[in-house]
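K.L.:
Only the shape, not the letters, is given here:
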C-alpha cells in the first residue's frame, strides 16, 4: 500500500513539475514576444511627419551607409580594427567613418581607411612586404527607394567613390592623389518574422589608377542574422564574394553584435577564406556610437 502511495506521489509531482515548466516556458515566450514588439515599435512606430522604416540587421564587415530607410538627423560614428594573415606578412587595417542622414531615406558617409603591414618569420625572399598606406578618402551615399512595412522589405541604391592615395613612404615624392575606385551598388533586405534577417549587397567595383592598375570586379555580399529578442544584439554570418577575371573568391565571416548601452555597440567578426592561396584567417572589430540616439 505504501509503495502505491509513493508511486502516485511521484507521478503527481512529475505532472505538477511538467505543468509548471510549461507555464514558465509560455510566460517566457510571451515575454519575448512583448519585448520584440516593443523594440520593433521603437524603430518602426511612426511619429508625426515621419516616413515608415523597417528594422534590419546589417552586416558588420561590409557595412551600409546609415540604416536602411534612415530618417533625417540620424547619425553614427564607426571605428574599425582588424588583422589578416597574408601568407608571409600580417595586414592590419583601421578605419574611422561618420554616417548621417541629411533627409529621410538618404544617408551619406565619409571614411578614412588605413592599412599597415608587419613582417613575419615566414616571409620568403621573393615576397615583398607592401608599404603602409592611408588607402583612400571614401565618400558614399545611399537612397532607400522602397520601404515596405507589409513585406518587411527595404531596397536601396547607393554609390561609393574612393579617391586613392599614395603609400605613406611616398608622400612628398609623388602625387598624393593616384586614382579612383567607382562602386555603384544595390541593397535588398528582408526581415522574416521578428528575429530572422537576410540582406544582399551587390555591385561592380572599377579601379582606375593614373599610373598603375586598371581592373574591374563584381562583389556579391550576402548576410544572415538572428536578432535576440528585445535587443539590438545579433549573431549571424556574412558571405563576401568577388568575381574577377573569371575567378570567384569567397570569405565567410561569422559575427556577433552586442549593445553595451542604448547608443553604443561592438561588433566582432572573424574571417574564414574559402580560397586560401594568398590569405589566411582574419579578425575584425567594429565600435559603433550613435550620438543623440
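P.N.:
That came through fine. Keep in mind that what you see is a predicted model, and the values were worked out from it rather than measured. Numbering: from 1, shown residues only.

K.L.:
When you work out contacts or count neighbours from here on, use the C-alpha atoms and nothing else.
P.N.:
Fine.

K.L.:
for the strand or helix carrying residue 235, packing partners?
P.N.:
Taking DSSP states H and E as the definition, one finds residue 235 inside strand 234-244. In terms of contacts (3 or more CA pairs under 8 Å, 6 or more residues apart in numbering; DSSP states H and E), strand 234-244 is packed against strand 214-227, strand 247-261.

K.L.:
Export those strands as TSV, with columns for mean pLDDT.
P.N.:
Below are these laid out as TSV (pLDDT from 0 to 100):
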stretch	mean pLDDT
strand 214-227	96
strand 247-261	94
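
K.L.:
Let me know which of these is the nearest to residue 272.
P.N.:
Closest approach to residue 272 among the helices and strands packed on strand 234-244 (CA to CA): strand 247-261, 5.0 Å.

K.L.:
what's in contact with that closest one?
P.N.:
With contact meaning CA atoms under 8 Å, 6 or more residues apart in numbering, strand 247-261 is reached by 60, 231-243, 265-275.

K.L.:
Residues touching the strand holding residue 235, excluding its own?
P.N.:
57, 59-61, 216-228, 248-258.

K.L.:
go on, stretch 180-199?
P.N.:
36, 55-58, 151-164, 200-209, 222-229.

K.L.:
And the residues you listed, which of them are buried?
P.N.:
Buried by 16 or more other CA atoms under 10 Å: 36, 55-58, 152-164, 200-209, 222-229, out of the contacts of stretch 180-199.

K.L.:
Please name whichever of the helices and strands packed on strand 234-244 is nearest to residue 90.
P.N.:
Per CA to CA, nearest to residue 90 of those: strand 247-261, 17.2 Å.

K.L.:
partners of the very next helix or strand once past the closest one in the sheet?
P.N.:
Scanning forward in sequence from strand 247-261 by DSSP H and E, the next helix or strand is strand 264-273. Sheet pairing of strand 264-273 (DSSP bridges) gives strand 247-261 (antiparallel), strand 282-289 (antiparallel).

K.L.:
Would you reformat those strands as a markdown table and include distance to residue 90 and mean neighbour count?
P.N.:
Compiled in a markdown table, these are given as follows (distance: least, CA to CA, whole Å; neighbours: other CA atoms under 10 Å):
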| stretch | distance to residue 90 | mean neighbour count |
| --- | --- | --- |
| strand 247-261 | 17 | 17 |
| strand 282-289 | 10 | 20 |
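
K.L.:
Of those strands, which is nearest residue 67?
P.N.:
Closest to residue 67 of those is strand 282-289 (CA to CA; 12.5 Å).

K.L.:
all helices of the chain, in order?
P.N.:
2-44 (DSSP state H).

K.L.:
low-confidence ranges in it?
P.N.:
Within the chain, the stretches with pLDDT under 70 are 1-46, 120-127, 278, 293.

K.L.:
Could you find the closest non-adjacent residue to residue 287?
P.N.:
In space, and not counting its chain neighbours, residue 287 is closest to residue 266: 4.7 Å by CA to CA, 6 or more residues apart in numbering.

K.L.:
And for residue 234?
P.N.:
Once chain neighbours are set aside, the closest to residue 234 by CA to CA, 6+ apart is residue 227, at 4.1 Å.

K.L.:
Tell me if I'm right that that neighbour and residue 55 touch.
P.N.:
No: applying CA atoms under 8 Å, one finds residue 227 not in contact with residue 55, separated by 10.4 Å.

K.L.:
Residue 77 versus residue 189, what's the distance?
P.N.:
Residue 189 is 22 Å from residue 77, where distance means CA to CA, to the nearest Å.

K.L.:
now residue 64
P.N.:
12 Å.

K.L.:
Just to check, residue 90 is in contact with residue 130?
P.N.:
No: the criterion here is CA under 8 Å, and residue 90 misses it with residue 130 at 10.2 Å.

K.L.:
Who has more neighbours out of these two?
P.N.:
residue 90 (20 against 14; other CA atoms under 10 Å).

K.L.:
The more buried one pairs with what?
P.N.:
Applying DSSP bridges, one finds that residue 90 bridges with residue 85, residue 118.

K.L.:
Right, I'll leave it there.
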